[in-house]
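> A predicted structure for the sequence below; I have some questions about it.
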Amino acid sequence: MIRESERTLSQARERQVVDAGDYYIGILRAGETLRITDLEGNQAADTLFYNAADPAERYSATDTICQQGNVYLGAGSVLISSRGNPMLDVVADTCGRHDTVGGACASESNTVRYDLARRCMHSCRDSWMLAIAEHEEYGLDKRDITHNINFFMNVPITADGGLQFADGISAPGKYVELTARMDVIVLMSNCPQLNNPCNGYNPTPVELAVWDH
Ligand SMILES: [Zn+2]
């Protein structure tokens, strides 16, 4: 479902571009709204959310899918935590499809899916690991890196229950907006993947914008 936002970028409290292959880590306070914009299209923003007061509580793909009865995320989705609490509401979405089943790229998956020679290539898991190593103040550990959301990524489920990494359906300027219900840590890897069509084989930047209310 496509739902446009009534917010204007000129009223955003802050705006920040996350370059292709880079990471973002920061706090979104309860009541604040985060917009992620796919600036050039066909990008994937691999994102995890944690309760800022206790990061042991984090986004749960399984609880979210069960509660909404839908494997895809979009406008109207409520992101549910590992303790069953609502963390964020998806309040606007001009892309229409976001994956939370396909998982993130890692050197291991690059090796298995593509080639042993791809092992050394940058991956979302490595970006997250770098983020938490460079920002110990958030109290995140290796064990906290769990299942994530792939904003803008199109991973249709096939008739026989498999996953297909399909062409992205996003386009330049498409965005998704989330309003936090609790203070959350946002940990994002702007995916550096070159081997599957989720990025159009060409990773590109995304922009983050935050509104106070
Ligand atoms: Zn990735």
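Cool, got the structure.

> name the SS class of Glu137, please.
helix (DSSP: H, G, I helix; E, B strand; the rest coil).

> what helices or strands is the helix or strand containing Leu34 leaning on?
If you go by DSSP states H and E, Leu34 is part of strand 33-38. Secondary-structure packing of strand 33-38 (3 or more Cβ pairs under 8 Å, 6 or more residues apart in numbering; DSSP states H and E): strand 45-51, strand 174-180, strand 206-211. Heads up, the C-betas are built off the backbone N, CA and C, glycines and all.

> the ion: which of those strands is closest?
strand 45-51 (5.0 Å; Cβ to the ion).

> pLDDT on the closest one, on average?
For strand 45-51, mean pLDDT rounds to 97.

> can you get me a residue count around Asp167?
For Asp167, the number of neighbouring residues by other Cβ atoms under 10 Å comes to 12.

> one more: Val78?
So Val78, with other Cβ under 10 Å, has 15 neighbours.

> not counting its neighbours along the chain, what's nearest it?
Pro86 (5.0 Å; Cβ to Cβ, 6 or more residues apart in numbering).

> same thing with Phe165?
Using Cβ to Cβ, 6+ apart, the nearest residue to Phe165 is Asn196, at 4.8 Å.

> secondary structure element for Gln67?
Using DSSP H and E, Gln67 falls in helix 61-68.

> do the same with Ser109
helix 107-113.

> which outside residues touch that helix?
Gly103, Arg118, Arg119, Cys120, Met121, Ser123, Arg125, Asp126, Asn195, Asn196 (Cβ atoms under 8 Å, 6 or more residues apart in numbering).

> dump that helix to CSV, keeping only the CA atoms.
In CSV, the C-alpha atoms belonging to helix 107-113 read as follows (Å, rounded to 0.1, in the frame of the first residue of the first chain):
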residue,chain,number,x,y,z
SER,A,107,31.0,-12.7,4.0
GLU,A,108,29.8,-16.3,4.6
SER,A,109,26.6,-15.8,2.5
ASN,A,110,28.6,-14.1,-0.3
THR,A,111,30.8,-17.1,-0.4
VAL,A,112,28.0,-19.7,-0.5
ARG,A,113,25.7,-17.8,-2.9
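
> what angle do the helix or strand following that helix and strand 45-51 make?
Under the assignment DSSP H and E, the closest C-terminal helix or strand after helix 107-113 is helix 124-134. Orientation check (axes from the mean of the first three to the mean of the last three Cα atoms, to 10 degrees): helix 124-134 against strand 45-51 gives 40 degrees.
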